[in-house]
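> 3D model of this:
(chains A and B)
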Amino acid sequence: MADLAHADTHDDHDHKPHGWRRWVYATNHKDIGTMYLIFACTMFFIGGAMAMVIRLELFKPGLQFVDPQFFNSMTTMHALIMIFGAVMPGWTGLANWMIPMQTGAPDMALPRLNNFSFWILPFAFTLLLSSLFVPGGAPAGGWTMYPPLVLQTGASFPMLIFAIHLMGASSILGAINVVVTIMNMRAPGMTLLRMPLFVWTWLITAYLLIAVMPVLAGAVTMLLTDHFFGTTFFTAAGGGDPVMFQHIFWFFGHPEVYILILPAFGIVSEIIPTFSRKPLFGYEAMVYAVASIAFLSFIVWAHHMFTVGMPLAAQLFFMLSTMLIAVPTGVKVFNWTATMWKGSLSFEPPMLFALAFLFLFSIGGFSGLMLAIVPADYQYQDTYFVVAHFHYVLVPGAIFGMMAGVYYWLPKWTGNMYDLKLATWHFWLSTIFVNVLFFPQHFLGLAGMPRRIPDYAVQFTDWNMVSSLGGFGFGLSQLLFPYIIWKCVHGGERIGNKAWEGAHGLEWELPSPPPYHSWTTPPSDAVIARGAAH
Amino acid sequence: MSSSVAPESAEQRRRVRRSAIAWLLVAALFYFGFIVLTLVRAAK
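All right, here's what the predicted structure looks like:
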């Protein structure tokens, strides 16, 4: 009996360190994933608080609460924090948790590098956020950092540049870890075309990260030398060209958009089959569609800057290449819809968020097509129509995709089912308010309201009030999210290996919660085949 | 690899090391390449 107990204690291989060492020296993929997710959630609320300041100031015309400089700092910091602090680390957290579990690997391939990638982030964002307290205030030239405006930034300028270098380094190291893990650590039998779509989308995202983050690093280094060392890369007076910065920035910036959204495609491709109780329609087409979108993302960058003036041939090229993205995206939307066709659908919170993603991301995609049309873009550019467009892509797109993923896998991570009723409330409140918040911004933009302004003409008042009320509602309803997670971590109905009846995939073959090390013995081919239900 | 479970076989360990070094080199080449190009151009 004693021997049996001894054997049991050694079966789990849970030699986890305790106390602060477990987190500071963390090398376990689940611990690091958890830290990434907590960090992303914290940044989501800090960036969200800045959005509340923006919507408060825009509630009515005139200057009420903040001065214009601080308002511009809020728009700049909100974007930087949400993109680099909330969405990107959030995806990396999910990748850390799920890639080893879904591929039959015991852990990420490079655990110490994983630790290093994470711990760079708190330093980067402490640096960025502390710029709020230096003379001249936080950066206020927009997250795109266009010169010559950004070169007028005060003491916070080098802090911004160094913070971006740190974020870039963290992302690249995280991406290398993902690529090396997927290419080398998959269980025997887990062929590339048996991999879950979330793993596929992350593999492609990781390649994008390795390719474009260095471009951003080069661009901001040029800004740094222009500011401090007398170079004139982007200063017309010295023979430089400010438009060149925009080309370099958007060569990074457009693939970055797909870095933010591709993992959401992967998650939705996991959730819709589960709650339709059908295999994913067109698995291989989905993989090729994601790869096509990633490839096309490198040849569309100038659609962000049609109005700077460029040859007609260039305008046509970038317009048509941008429109081409609608083809693989259409394939994906068609396949998700076809997966649901004649399925036995149920509408638990992950499915609700995935469906909202499908509808609302498509709205963002359509307004993107409108912006791709050069003569139309001349009217829309730098208006609230653009703000509405990219927020539809990023909030009910990337953020809803992430929430869908958390609600899908949270029972697996904790072993407890969360409060489904409260999560359904979270879904409906978020979905209603996100539309109240962003849909009127289309009208404002079409009516000519410029973006990045703290004050506006009185004819824009009504829709701004509606938008702000939607913003406050959306912000408040997000408080439910950490509460639901906290409640689930501390208890709830116990679940077996599978939280959802229709779920397939290796992660559902592990116990809930999974052991500290996921697959110490690789899963058999039969288990892999059962999981790859496409 | 401290408390984490390391890659199983020596062969897998070698593949992980080779692959990690290759990707780190590619990333470093990109990352520092852009910066060095910038500085070289700035020095002219």
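> ok, A:Tyr36 touching A:Ile120?
No. Using C-beta atoms under 8 Å as the test, A:Tyr36 is too far from A:Ile120 to be in contact (11.6 Å). To be clear about C-beta, it is placed using only N, CA and C from the backbone, and glycine gets the same treatment.
> mind listing what whichever residue of chain B sits closest to chain A touches?
The minimum distance from chain B to chain A, using C-beta to the nearest C-beta, falls at B:Phe34 (2.8 Å). Contact analysis of B:Phe34 by C-beta atoms under 8 Å, 6 or more residues apart in numbering or on different chains lists A:214-215, A:217-218, A:221.
> buried sites along the helix or strand hosting it?
For B:Phe34, the host element (DSSP states H and E) is helix B:10-43. Residues of helix B:10-43 classed as buried by neighbour count (16 or more other C-beta atoms under 10 Å in any protein chain shown): B:15-16, B:19-20, B:23-24, B:26-27, B:30-31, B:34-35, B:38, B:42.
> pLDDT check: weakest of these?
Within those, pLDDT reaches its minimum at B:Ala42, with 69.
> just checking, what packs against the helix or strand harbouring A:Ala423?
When elements are assigned from DSSP H and E, A:Ala423 belongs to helix A:420-446. Contact here means 3 or more C-beta pairs under 8 Å, 6 or more residues apart in numbering or on different chains; DSSP states H and E; on that basis helix A:420-446 packs against helix A:349-372, helix A:384-393, helix A:400-414, helix A:461-477, helix A:480-489.
> that older thread, among A:Tyr36 and A:Ile120, which residue is more densely surrounded?
A:Tyr36 (25 against 19; other C-beta atoms under 10 Å in any protein chain shown).
> sec struct for the closest residue to that one other than its chain neighbours, please.
Once flanking residues are discounted, A:Tyr36 sits nearest to A:Gly93: 3.1 Å by C-beta to C-beta, 6 or more residues apart in numbering or on different chains. The three-state assignment at A:Gly93 reads helix, by DSSP: H, G, I helix; E, B strand; the rest coil.
> quick one, what contacts A:Gly93?
Going by C-beta under 8 Å, 6+ apart, A:Gly93 touches A:33-37, A:39-40.
> ok, the spatially most central residue of chain B to A:Thr329 distance?
By C-alpha atoms, centre = their mean, the mean C-alpha position of chain B lies nearest to B:Leu24, the distance being 0.9 Å. Distance, B:Leu24 to A:Thr329, by C-beta to C-beta, to the nearest Å: 33 Å.
> next: A:Gly238.
42 Å.
> ok so, going back, what's the closest of the contacts of A:Gly93 to chain B?
A:Gly33 (12.7 Å).
> was I right to think that closest one contacts A:Trp97?
Yes. At 3.7 Å, A:Gly33 and A:Trp97 qualify as touching, with contact defined as C-beta under 8 Å.
> report the rounded mean pLDDT for stretch A:443-459.
Averaged across stretch A:443-459, pLDDT comes to 96.
> what comes into contact with it?
Applying C-beta under 8 Å, 6+ apart, the contact partners of stretch A:443-459 are A:57-58, A:61-63, A:66-68, A:71-72, A:75, A:142, A:380, A:382-388, A:460, A:463-464, A:467.
> got a PyMOL select line for the buried ones in these?
For the buried members of the contacts of stretch A:443-459, the matching PyMOL selection, counting by 16+ other C-beta under 10 Å, is:
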select buried, chain A and resi 57+58+66+71+72+75+142+380+383+384+385+386+387+388+460+463+464+467
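> quick one, helices of the stretch 51-200 of chain A?
Taking DSSP state H, counting those that start in this stretch to define them, one finds helices in the stretch 51-200 of chain A at A:68-80, A:88-103, A:111-130, A:156-184, A:197-228.
> pipe these into CSV and attach mean pLDDT per row.
Formatted as CSV, the helices of the stretch 51-200 of chain A follow (pLDDT from 0 to 100):
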stretch, mean pLDDT
helix A:68-80, 97
helix A:88-103, 97
helix A:111-130, 97
helix A:156-184, 96
helix A:197-228, 95
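> ranking those by burial, who's on top?
helix A:88-103 (a mean of 28; mean count of other C-beta atoms under 10 Å in any protein chain shown).
> restricting to C-alpha, output that one in CSV.
Extracted in CSV, the C-alpha atoms of helix A:88-103 (Å, rounded to 0.1, in the frame of the first residue of the first chain):
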residue,chain,number,x,y,z
MET,A,88,0.0,40.4,-28.0
PRO,A,89,0.9,39.1,-24.5
GLY,A,90,-2.6,37.6,-24.3
TRP,A,91,-2.1,35.5,-27.4
THR,A,92,1.4,34.5,-26.1
GLY,A,93,-0.2,33.4,-22.9
LEU,A,94,-2.7,31.2,-24.7
ALA,A,95,0.0,29.9,-26.9
ASN,A,96,2.1,28.9,-23.8
TRP,A,97,-0.8,27.2,-22.2
MET,A,98,-2.2,25.4,-25.3
ILE,A,99,0.5,24.6,-27.8
PRO,A,100,2.3,21.9,-25.7
MET,A,101,-1.1,20.4,-24.7
GLN,A,102,-2.4,20.4,-28.2
THR,A,103,0.7,19.0,-29.9
